[in-house]
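Undergrad: model the structure of this input:
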Amino acid sequence: MMKSDNIKKGIDKTPHRALLYATGITNKEMRKPFIGIASSFTDLIPGHVGMRDLERAVENGVYSNGGHPFIFGIPGICDGIAMGHKGMHYSLPSRELIADMIETITEAHSLDGLVLLTNCDKITPGMLMASLRLNIPAVVVTAGPMLSGHYHGKRLSFVRDTFEAVAKYKVKEISEDELMELEMCACPGQGSCQGLYTANTMACLTEVMGMSLPGAGTALAGSAIKKRIAFESGVRIVDMVKENILPRNIVTMNALQNAIMVDVALGGSSNSVLHLIAIANEAGIKLDLKLFDEISRKTPQISSLRPAGEYFLEDLDFAGGIPALLYELESLVKDSMNLSGLSIREIIGGVRYVNNEVIRKIDNSYRAEGGIAILYGNLAPNGAVIKSSGVGPSMMKFTGNARVFDSEEDSMKSISAGEIKPGDVVVIRYEGPKGGPGMREMLAPTSQIVGMGLGDKVALITDGRFSGGTRGPCIGHISPEAQEGGPIAFINEGDKIEIDINERKLNILLSDEELNLRKSSWKKKEKKIDYGYLARYSDIVSSADEGAIVNRKVRK
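TA: As a prediction, this is how the structure comes out:
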């Protein structure tokens, strides 16, 4: 029995069938599996503008294998466009809306299977969360990374050549004409931003977890390969419905550990920590922050892509993609399955080419440890996250003077005015899941600091989070957050902050007595936004160390 029989079989379903026939479906098609294509196409996001072609490819694949496709729309946010203003409050909370909307449409219309067409930052994890919550056959198709930009013989990427370029202009390192030329060239067309930022990190990890076909994570936007993957995903979902292959059979603890391993081996976005915890939660699996650090400690970083390195996603794809990376990490890989029906080891066994300049061998790694570290201390009792792959050797251990700001906007005024000096630790608080609300990314301040030449002289810590494009000593996800009375709320201007990444320490150099005294006089702040969705979100969202989730109860 198919799930769609709930709306199309039996005398009592005459009204349901009448409405379905009104869509143009034929009697013969009514007997086929109903496949939902959750498309996040929008004209607003560069990573999504090419999805109309992929929708057609998926549709054709579904039809060719005996299913009937139904496209329905899922909205998305471009984090780059939402950055640095009120819009960024909505980015992380949109992940929960996306999961809820897919659940709602799928259950209301009794769909048998799903193809999830996605690409950018919160849309991919939101769709994965929905697939595991529903636990019906599902395939993820990521639309692919953008080609690099080109300017005067140099390759360009979005973050370095726009956000950081603004700061370079302000310190007169580049001219206004050059800045304008860079903004026209940095993003040449469709696709997710060219480096290992959050969108591309999650695309790669989705492939590692087995929820997209091999090669999907890095195949370039607009390419024939990407269209073929979309077509084959449409074909595959029909077979998965017939074989009853479910997301929770694929996204196991082994698959999640493989994803963490690949994330740290690539030096991927720190946002992946939030998303993998949330995805695991929907699968009924608890991921502890400490697991990320344990895996990172024993996994060498064997690739170095922008923003921290010089390679682009196109280079990773041409080097053999995720299968080639797994080939070099085979000794660390745990057994798991891909929705294609192949085991991860069978995928590795099919690798015929690896470019060892882009994907190094383990004994020639960039770093002995992986690219993410989890820090603890009296400033972060429940943990904090740093993309250690983006930190230079001189800043792995650092003690500085706190410059305290209660919002991103206040910090930007001070940074732009040249008030941040070498030896400072910029503290941006009340930007966590509840306090933000929405745990905004701090790409604007971090890019300003790097662009002004302070990336190896100034640290930044926050209970908010960072874009995948962030590099430098930037520590986020500090838990508990300020709004919940975490120690970050008690920092005063000029306090000494100690950061030791190698030892995984983050401390404020105060006695327990002084911290307790400050805590006793602390008063909770009023909500920054007290209306609409964000007000509701701030009431129910969990801490960053728990994945900033709102759905704590999962279906057995």
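
Undergrad: can you show me the helices along the stretch 251-400 of the chain?
TA: For the stretch 251-400 of the chain, the helices defined by DSSP state H, counting those that start in this stretch cover 253-266, 271-282, 289-297, 313-318, 321-328, 344-349.

Undergrad: who are the packing partners of the first one?
TA: Under the contact criterion of 3 or more C-beta pairs under 8 Å, 6 or more residues apart in numbering; DSSP states H and E, helix 253-266 touches helix 198-209, helix 271-282, helix 289-297, helix 321-328. Where C-beta positions appear, they are placed from N, C-alpha and C, glycine not excepted.

Undergrad: so which residues make contact with it?
TA: Contacts of helix 253-266 from elsewhere in the structure, counted by C-beta atoms under 8 Å, 6 or more residues apart in numbering, are 196, 201, 204-205, 208-210, 268, 272, 276, 279-280, 283, 285, 287, 291-292, 295-296, 299-303, 305, 322, 325-326, 329, 332-337, 344, 369-372.

Undergrad: can you say which of those are buried?
TA: Members of these that pass the buried threshold by neighbour count (16 or more other C-beta atoms under 10 Å) are listed as 196, 201, 204-205, 208-210, 268, 272, 276, 279-280, 283, 285, 287, 291-292, 295-296, 299-303, 305, 322, 325-326, 329, 332-333, 336-337, 344, 369-372.

Undergrad: hang on, the earlier thing: just name the most buried of the helices of the stretch 251-400 of the chain.
TA: Relative to the other members of those, helix 271-282 carries the highest mean neighbour count by mean count of other C-beta atoms under 10 Å, namely a mean of 26.

Undergrad: next, the angle from it to helix 289-297.
TA: Orientation check (axes from the mean of the first three to the mean of the last three C-alpha atoms, to 10 degrees): helix 271-282 against helix 289-297 gives 130 degrees.

Undergrad: now helix 271-282 against helix 198-209, angle please.
TA: Computed with the same axes, to 10 degrees, the direction of helix 271-282 lies at 50 degrees from that of helix 198-209.

Undergrad: so what's the model's average confidence on helix 271-282?
TA: In this model, helix 271-282 has a mean pLDDT of 97.

Undergrad: next one: stretch 49-56
TA: Along stretch 49-56, the predicted local confidence has a mean pLDDT of 98.

Undergrad: can you give the contact residues for it?
TA: Stretch 49-56 is touched from outside by 37, 39-43, 71, 117, 119, 141, 143, 190-191, 221-222, 226-227, 230, with contacts defined as C-beta under 8 Å, 6+ apart.

Undergrad: return the subset of the residues you listed lying in helices.
TA: In this view, the contacts of stretch 49-56 that belong to helices under DSSP state H are 226, 227, 230.

Undergrad: helix, strand or coil for the closest residue to the last one other than its chain neighbours?
TA: If the residues on either side of it in the chain are set aside, residue 230 comes closest to residue 57, at 3.7 Å by C-beta to C-beta, 6 or more residues apart in numbering. For residue 57, the reduced secondary structure class is helix; criterion used: DSSP: H, G, I helix; E, B strand; the rest coil.

Undergrad: OK, contacts around residue 235?
TA: Contact partners of residue 235, counting by C-beta under 8 Å, 6+ apart, are 61, 62, 64, 65.

Undergrad: return a ChimeraX selection command for the buried portion of these.
TA: Typed into ChimeraX, the line below selects the buried ones among the contacts of residue 235, using 16+ other C-beta under 10 Å:
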select :61,62,65
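
Undergrad: for the contacts of residue 235, give me CSV that also has secondary structure and pLDDT.
TA: Formatted as CSV, the contacts of residue 235 follow (DSSP: H, G, I helix; E, B strand; the rest coil; pLDDT from 0 to 100):
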residue, secondary structure, pLDDT
61, helix, 98
62, helix, 98
64, helix, 98
65, coil, 98
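
Undergrad: between the contacts of residue 235, which is closest to residue 181?
TA: In terms of C-beta to C-beta, no member of the contacts of residue 235 lies closer to residue 181 than residue 61, at 41.2 Å.

Undergrad: with adjacent residues omitted, what lies nearest to the closest one?
TA: Nearest residue to residue 61, sequence neighbours excluded (C-beta to C-beta, 6+ apart): residue 234, at 2.3 Å.

Undergrad: in whichever strand or helix holds the one you found, what's buried?
TA: Taking DSSP states H and E as the definition, residue 234 sits inside helix 224-243. In terms of neighbour count (16+ other C-beta under 10 Å), helix 224-243 has its buried residues at 226-227, 229-242.

Undergrad: beyond it, next helix or strand please.
TA: Taking DSSP H and E as the definition, the helix or strand that follows helix 224-243 towards the C-terminus is helix 247-250.

Undergrad: contacts for that next one, please.
TA: Outside helix 247-250, the residues that touch it by C-beta under 8 Å, 6+ apart are 131-132, 134-138, 209-211, 283-284, 336-339.

Undergrad: hmm, try it at 7 Å
TA: Taking contacts as C-beta atoms under 7 Å, 6 or more residues apart in numbering, the residues outside helix 247-250 that touch it are 131, 132, 135, 138, 209, 210, 211, 283, 337, 339.

Undergrad: for those residues, give me CSV that also has distance to residue 155.
TA: Formatted as CSV, those follow (distance: C-beta to C-beta, whole Å):
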residue, distance to residue 155
131, 35
132, 37
135, 42
138, 35
209, 30
210, 32
211, 30
283, 38
337, 37
339, 34
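
Undergrad: so which of these is the closest to residue 544?
TA: Top of the list for closeness to residue 544, among those and by C-beta to C-beta, is residue 283 at 19.6 Å.

Undergrad: my guess is that closest one meets residue 251, correct?
TA: Yes - taking contacts as C-beta atoms under 7 Å, residue 283 lies within contact range of residue 251: 5.1 Å.

Undergrad: what do these two both touch?
TA: A shared contact of residue 283 and residue 251, defined by C-beta under 7 Å, 6+ apart, is any residue touching both; here these are residue 132.

Undergrad: closest to residue 413 out of the ones in helices among the contacts of stretch 49-56?
TA: Here the nearest of these to residue 413, counting by C-beta to C-beta, is residue 226; it sits at 42.5 Å.

Undergrad: surely that closest one meets residue 144?
TA: Yes - under the criterion of C-beta under 7 Å, residue 226 lies in contact with residue 144, with a separation of 4.8 Å.

Undergrad: doesn't residue 54 belong to a strand?
TA: No - according to three-state DSSP, the state of residue 54 is helix, so it is not within a strand.

Undergrad: on that earlier part again, between residue 226 and residue 144, which contacts overlap?
TA: Residues touching both residue 226 and residue 144 comprise 219, 220, with contact defined as C-beta under 7 Å, 6+ apart.

Undergrad: thinking again about what came up before, send me the helix holding residue 234 as PDB with only the CA atoms.
TA: Taking C-alpha atoms only, helix 224-243 is exported to PDB below (Å, rounded to 0.1, in the frame of the first residue of the first chain):
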ATOM      1  CA  ALA A 224      25.100  19.000 -17.700                       C
ATOM      2  CA  ILE A 225      26.400  16.800 -14.900                       C
ATOM      3  CA  LYS A 226      24.100  18.600 -12.400                       C
ATOM      4  CA  LYS A 227      21.200  18.100 -14.700                       C
ATOM      5  CA  ARG A 228      21.900  14.400 -15.100                       C
ATOM      6  CA  ILE A 229      22.100  14.100 -11.300                       C
ATOM      7  CA  ALA A 230      18.700  15.800 -11.000                       C
ATOM      8  CA  PHE A 231      17.300  13.400 -13.600                       C
ATOM      9  CA  GLU A 232      18.800  10.300 -11.900                       C
ATOM     10  CA  SER A 233      17.500  11.500  -8.600                       C
ATOM     11  CA  GLY A 234      14.000  11.600 -10.100                       C
ATOM     12  CA  VAL A 235      14.500   8.100 -11.300                       C
ATOM     13  CA  ARG A 236      15.900   6.900  -8.000                       C
ATOM     14  CA  ILE A 237      13.100   8.200  -5.800                       C
ATOM     15  CA  VAL A 238      10.500   6.000  -7.500                       C
ATOM     16  CA  ASP A 239      12.600   2.900  -6.800                       C
ATOM     17  CA  MET A 240      13.100   4.000  -3.200                       C
ATOM     18  CA  VAL A 241       9.400   4.200  -2.700                       C
ATOM     19  CA  LYS A 242       9.000   0.700  -4.100                       C
ATOM     20  CA  GLU A 243      11.900  -0.600  -2.000                       C
END
